[in-house]
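Asker: mind looking at a prediction? Sequence and model below.
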Amino acid sequence: MKNRKNFQIYNSLSGKKEIFEPLNDNFVGMYVCGPTLYSEPHMGNMRTFINFDLIYRYLLHLGFKVKYVRNITDAGHITNSAGQEEDSIGKAARLEQMQSLEIVYKYNVKFQELQRIYNLLPPSIEPTATGHIQEQIEIIEQILDNGYAYVVNGSVYFDTKKYMKDFNYGILSGRKVDELENETRTLNAQDEKRFFADFALWKKANPEDMQIWRSPWGDGNPGWHIECTAMSTKYLGKHFDIHGGGMDLKFPHHEDEIAQSCGSFGCNPAKYWMHANMLNVNGQKMSKSFGNYFLPKEIIEGTTNLFKKAYPANVLRFFMMQAHYRSTLDFTETALDASEKGFSRLTDGLNLIEKLNISESSSFDVQSLVDSFYAAMNDDFNAPILIANLFEAVKQINLINDGNVTISKLDKDLLETEMKGFIFNVLGLEIASSNNDSILKPVMELVLDLRQQARANKDWTTSDKIRDGLAAAGIIVKDGKEGSSWN
RNA sequence: GGUCUCGUGGCCGAGAGGCUAGGCACCGGUCUGCAAAACCGUCUACAGCGGUUCGAAUCCGCUCGAGACCUCCA
C-alpha cells in the first residue's frame, strides 16, 4: 500500500499529527456524533458531516475497510449549567403539536434528503438513541458497579471526584476541574449533584416529558452523553480507531464520553479523536441561537436573502473542501463566486483530458504529480492542497491541449484515473454533464444550428439577436473553435 | 471572569525557520465578425512593535484586533 506512506491524522488527544495505525490491520472503526433532529440541520451542521464524509471517502480510497457509525439523537434529557432541564425535542414537539418521534422522523427525512443532495456516502449504520435505551442502562449500571456514579432521587450522576482519583478528567479538552469550578459562571441549582462537575447519566422523568423509559432507578430519560457511549460500544467495540465530531462537542460531550467509557470499561473509547471546525458567517460561528444560519437547501434553491443567486450543491461542497477541516471557514458571497468559477475550471480540465493527443513520451513528471495528490491527503486530509495540486494538473492538461507539453498514453491513463478518483470518489464532487435536458437539448441544437448558418452568412444581426435572446433566458452561448456550446 | 485558538496580498484560503500553495478578481496577451467564454502570462502578502537566529509569515515576548469553549450546539 504505497499510497498510505506517511499517512498522518491530527489527534486532538495528543494535539499532534500522528501516523495512522489502525487497531486491526486493514479495518477502521469510526464513530461520528450526528445531529439532534429537533429542527432542520443548517449549513454549519452540514459542514461537519461533509468533512467526515471526506475522511470516510479517503479512508475507503486508500483501501481500508471502514465501519462508519453516525448516530441520530432522538432522545435525551439535557441539563444546562443553571440546572434547568431542557428537552429540545420535546419542546419542538409541543410547538408543532406532534409526538417527539414524529418530530425526529420529520427532520430525519429532510436530513437524509440533504445527504443525497450534498452527495454524502451513507454511513454503515445510523443508530438512534431511542433504539438503544437498554444498552445505555447497562452501561450506567456498569459505571455504578465500578463506583463512579451515584443515585439521587431517581436520577443517576457521574461521580467526577471519584473518577479523578483513578483517571484524568480533562484529558481531551485540557481542562482542569479545580479551575473549572471557578470558571463556571453560574453555580445555582446544583441541588442533586454532589459536585458541580458531575453530570447526569439518567434523569428522573418530569410529568410533562413526552418520552419516558423504565429503568432500575425509576422512569426517566438517559443523559445526553451516554447514548454515544452505548452506540459506539455496541457497533465498534470498547476501543476503536476514530471518534469524530464538531469542535464544539469537545467539551463537555466528548470529555464525558471518555469518562463514561473509562468508568465502565476502563479505557478511552477511541485511539484518534478528530474535531472538525466551525462554519462562520461574518467571522462568527453559524448557530441556531445566533440566528445567523441558513439551511443547506435554501442556498441551492437561492431562497436565502443572504445571497443574490443559487449555488449548486457541488459548488458548496467544493467551496468547503478548499478549507482544511480543522480551520474555520468564512461563508461569503464573493468567496462562493470564486469557488464556482474555480470549480468550472477544474471540471473543464477534467473533461478535456479524454480528448488529449497522445505522444511518445511525457514532457513532465506525471507520477510525481499523482503522488502529490496522495501526499496532500496523507497529511491530515489536506484537501486544499489536494485541490491546488489538481489545478496544477489542469494547467498541464491545458498546456498539452495547446501543444506545448506532451503526455504518453500510459501517463494519460494514470492521470485520468487518479484525477477522477480524487475528484469523484475522494472529494465527492459529482460533475453534472451539461446539455442533458431531454427537451431543451434538441431545441438548442436547432437554435444554434440556425445561428451558425447566420454566422456563416455574416448575418451578425440575426446571430446576435439569437445570442442576446438566449442570454436573456439565462442561456449563455460560447463560441469556440469547434462550434458553439451553451449552458 | 477563566481556558484556548487565530490575525496571510483586493477577496477566499494553504503553508509553518531558508525552496516563499491554489482559486477568484485586476492587468497584459492568444483566439474571435464583435462579444462572452476558454487558454497563456503577470501580480511576492503574512496585524503592530521588540527579541532569538547567518536567515522568521513561521520560534519567544508585549500590544492591538477577532473568534471558540466554560450552557444545548456540528
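Answerer: Yep, that arrived.
Asker: residues from the stretch 301-450 of chain A in reach of RNA strand B?
Answerer: Applying Cβ under 7 Å from any atom of the strand, we find that the stretch 301-450 of chain A lies next to RNA strand B at A:322-324, A:327-330, A:332, A:334-335, A:337-339, A:341-342, A:344-345, A:348-349, A:379, A:382, A:384-385, A:387-388, A:391-392, A:394-395, A:398-399, A:402. Any C-beta I mention is one placed from the backbone N, CA and C, and that applies to glycine too.
Asker: pretty sure A:Lys238 sits against A:Phe265.
Answerer: Yes - taking contacts as Cβ atoms under 8 Å, A:Lys238 lies within contact range of A:Phe265: 4.4 Å.
Asker: which of those two has more residues huddled nearby?
Answerer: Higher neighbour count among A:Lys238 and A:Phe265: A:Phe265, with 18 against 14, using other Cβ atoms under 10 Å.
Asker: report the residue ranges of every domain in chain A.
Answerer: Taking automatic domain parsing as the reference, chain A has its domains at A:2-276, A:280-426, A:440-486.
Asker: end-to-end on the first one?
Answerer: Looking back up the chat, that one is domain A:2-276. End-to-end distance for domain A:2-276: 27 Å, by Cα to Cα, to the nearest Å.
Asker: neighbours around A:Ser155, how many?
Answerer: 22.
Asker: doesn't A:Gly220 make contact with it?
Answerer: Yes - between A:Ser155 and A:Gly220 there is a contact under Cβ under 8 Å: 6.9 Å.
Asker: between these two, which contacts overlap?
Answerer: Shared contacts of A:Ser155 and A:Gly220, defined by Cβ atoms under 8 Å, 6 or more residues apart in numbering, comprise A:Trp202, A:Lys203, A:Lys204.
Asker: can I get those residues in a markdown table including distance to A:Phe290 and pLDDT?
Answerer: Listed next are those as a markdown table, based on distance: Cβ to Cβ, whole Å; pLDDT from 0 to 100:
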| residue | distance to A:Phe290 | pLDDT |
| --- | --- | --- |
| A:Trp202 | 32 | 94 |
| A:Lys203 | 28 | 92 |
| A:Lys204 | 32 | 92 |
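Asker: tell me the one among the residues you listed nearest to RNA strand B.
Answerer: Among these, A:Lys203 lies closest to RNA strand B (Cβ to the nearest atom of the strand), at 11.8 Å.
Asker: phi, psi of the closest one?
Answerer: Backbone torsions for A:Lys203, taken as degrees, to the nearest 10, come to phi -120, psi 130.
Asker: correct me, but it touches A:Trp224?
Answerer: No - contact criterion Cβ under 8 Å: A:Lys203 and A:Trp224 do not qualify, at 9.5 Å.
Asker: how far away is A:Ser289 from A:Ser39?
Answerer: Here A:Ser289 is placed at a distance of 12 Å from A:Ser39 (Cβ to Cβ, to the nearest Å).
Asker: neighbour count winner among these two?
Answerer: Between A:Ser289 and A:Ser39, A:Ser39 has the larger neighbour count (other Cβ under 10 Å), namely 18 against 7.
Asker: okay, that one and RNA strand B: tell me how far apart.
Answerer: Separation of A:Ser39 from RNA strand B (Cβ to the nearest atom of the strand, to the nearest Å): 8 Å.
Asker: tell me where the stretch 51-200 of chain A has helices.
Answerer: Using DSSP state H, counting those that start in this stretch, the helices found in the stretch 51-200 of chain A span residues A:88-96, A:100-117, A:133-145, A:160-166, A:177-183.
Asker: for RNA strand B, see how far away A:His275 is.
Answerer: Taken as Cβ to the nearest atom of the strand, the span from A:His275 to RNA strand B is 8 Å.
Asker: need the three-state assignment for that residue.
Answerer: Assigned state for A:His275: strand (three-state reduction, DSSP: H, G, I helix; E, B strand; the rest coil).
Asker: tell me, how many residues neighbour the closest residue in space to it that isn't next to it in sequence?
Answerer: Excluding the flanking residues, the one nearest A:His275 by Cβ to Cβ, 6 or more residues apart in numbering is A:Met247, at 4.6 Å. Residues contacting A:Met247 under the criterion other Cβ under 10 Å number 16.
Asker: show the end-to-end separation of stretch A:161-176, please.
Answerer: By Cα to Cα, the extent of stretch A:161-176 from end to end equals 12 Å.
Asker: what's the average pLDDT for it?
Answerer: Throughout stretch A:161-176, pLDDT has a mean value of 92.
Asker: that one and RNA strand B in contact?
Answerer: Yes - counting by Cβ under 7 Å from any atom of the strand, RNA strand B has neighbours in stretch A:161-176: A:Ser173, A:Gly174, A:Arg175.
Asker: can you report phi and psi for the last one?
Answerer: Reported as degrees, to the nearest 10, the phi and psi values for A:Arg175 are phi -90, psi 140.
Asker: separation between the closest residue to it other than its chain neighbours and A:Phe199?
Answerer: Closest residue to A:Arg175 apart from its sequence neighbours, by Cβ to Cβ, 6+ apart: A:Phe251 at 6.2 Å. For A:Phe251, the distance to A:Phe199 equals 11 Å [Cβ to Cβ].
Asker: who has more neighbours out of those two?
Answerer: Remark: of A:Phe251 and A:Phe199, A:Phe199 carries more neighbours, 22 against 15, as counted by other Cβ under 10 Å.
Asker: below-threshold pLDDT in chain A: ranges please.
Answerer: Scanning chain A for pLDDT under 70 picks out A:1, A:76-86, A:179-191, A:432-438, A:481-483, A:487.
Asker: select the longest helix from it.
Answerer: Determined from DSSP state H, the single longest helix within chain A is helix A:333-353.
Asker: before we move on, back to that, which of the domains of chain A has the highest mean neighbour count?
Answerer: Among these, domain A:2-276 has the highest mean neighbour count (mean count of other Cβ atoms under 10 Å), at a mean of 19.
Asker: spit out the contact partners of the closest residue to RNA strand B within chain A.
Answerer: Residue of chain A nearest RNA strand B, by Cβ to the nearest atom of the strand: A:Gly246 (1.5 Å). Residues in contact with A:Gly246 (Cβ under 8 Å, 6+ apart) are A:Cys33, A:Asn45, A:Thr48, A:His275, A:Ala276, A:Met278.
Asker: for it, phi and psi?
Answerer: According to degrees, to the nearest 10, A:Gly246 has phi -70, psi 150.
Asker: quickly list what it is bridged to.
Answerer: A:Ala276 (DSSP bridges).
Asker: so how far is A:Gly34 from it?
Answerer: As judged by Cβ to Cβ, A:Gly246 and A:Gly34 stand 10 Å apart.
Asker: same check on A:Met419?
Answerer: The gap separating A:Met419 from A:Gly34 is 32 Å, by Cβ to Cβ.
Asker: now do A:Lys271
Answerer: 21 Å.
Asker: and the residue nearest to A:Lys162 when sequence neighbours are not counted, how close does it get to A:Ser359?
Answerer: With sequence-adjacent residues excluded and distances taken as Cβ to Cβ, 6+ apart, A:Lys162 is closest to A:Tyr148, at 5.6 Å. Look at A:Tyr148 and A:Ser359: by Cβ to Cβ, they are 69 Å apart.
Asker: thought A:Glu102 was touching A:Ala93?
Answerer: Yes - if you go by Cβ under 8 Å, A:Glu102 and A:Ala93 touch, sitting 7.0 Å apart.
Asker: what residues does the stretch 151-300 of chain A have near RNA strand B?
Answerer: Taking Cβ under 7 Å from any atom of the strand as the contact definition, the stretch 151-300 of chain A meets RNA strand B at A:173-175, A:179-180, A:182-185, A:224, A:245-253, A:276, A:278-280, A:283-290.
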